[in-house]
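J.: Dropping the sequence and predicted coords here.
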Amino acid sequence: MDTQKKATTKSYKVRVTATALQNIDEITGYITFINQQPLNAIKVGDAIFETIDRIAVTPFAFRQSEEIPTKTKIYRRALCYSWSVIYRIKPGELVILGIIHGSRRPASIKKLRKVKLFLYNCSFAIGEDTDHGIK
């Protein structure tokens, strides 16, 4: 008899702020034009979106952001190379607030707490590499 249990995972809707999309654009633009390494820019951009995919699957697996302390620990940080993906966990959804380089001052991370929620709704399809699931 086969008595396997199906793994049930809670599904979170991922929302990306305009600030976070601008951060990704600035990071990849800097690597492409200033460092003149367009292939590395693609690699870093893909890695950031893969990190967002991992956040969508296991949001509580990443550390709490020490720069934005809360009792409920809703602000988290996922590392991707030298960058931190800062996000907030809300009931049923995750809000990607921004992507900040690790060498930046903590005050720049604290500012993300006040990011207005002018969001782009993104549906991330986990495991598909075609367009990172952005619709």
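T.: Looks like it arrived, so ask away. Since the model is a prediction, treat every value here as computed from it, not as a measurement. Numbering: from 1, shown residues only.
J.: Which helix runs longest in this protein?
T.: Across the chain, the longest stretch assigned as helix under DSSP state H is helix 38-57.
J.: Off-centre distance for that one?
T.: Relative to the chain's own centre, helix 38-57 is displaced by 9 Å; criterion: C-alpha atoms, centre = their mean, to the nearest Å.
J.: got it, and stretch 87-98?
T.: That offset, for stretch 87-98, works out to 9 Å (C-alpha atoms, centre = their mean).
J.: Gly92 against Arg15, yeah?
T.: No. The pair Gly92 and Arg15 fails to qualify as a contact (C-beta atoms under 8 Å) at a distance of 10.6 Å. (Glycine included, C-beta is placed from N, CA and C.)
J.: Show me which of these two is the more surrounded one.
T.: Between Gly92 and Arg15, Arg15 has the larger neighbour count (other C-beta atoms under 10 Å), namely 20 against 9.
J.: quick one: the more buried one and Val95 touch, right?
T.: Yes. Taking C-beta under 8 Å as the definition, Arg15 is a contact partner of Val95 at 5.0 Å.
J.: residue ranges with poor pLDDT in this protein?
T.: Applying pLDDT under 70 to the chain flags the ranges 1-9, 116-135.
J.: where do the helices sit along it?
T.: For the chain, the helices defined by DSSP H occupy 18-29, 38-57, 106-110.
J.: Output those as TSV; include the columns distance to Trp83.
T.: Output for those, formatted as TSV (distance: least, C-beta to C-beta, whole Å):
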stretch	distance to Trp83
helix 18-29	7
helix 38-57	7
helix 106-110	12
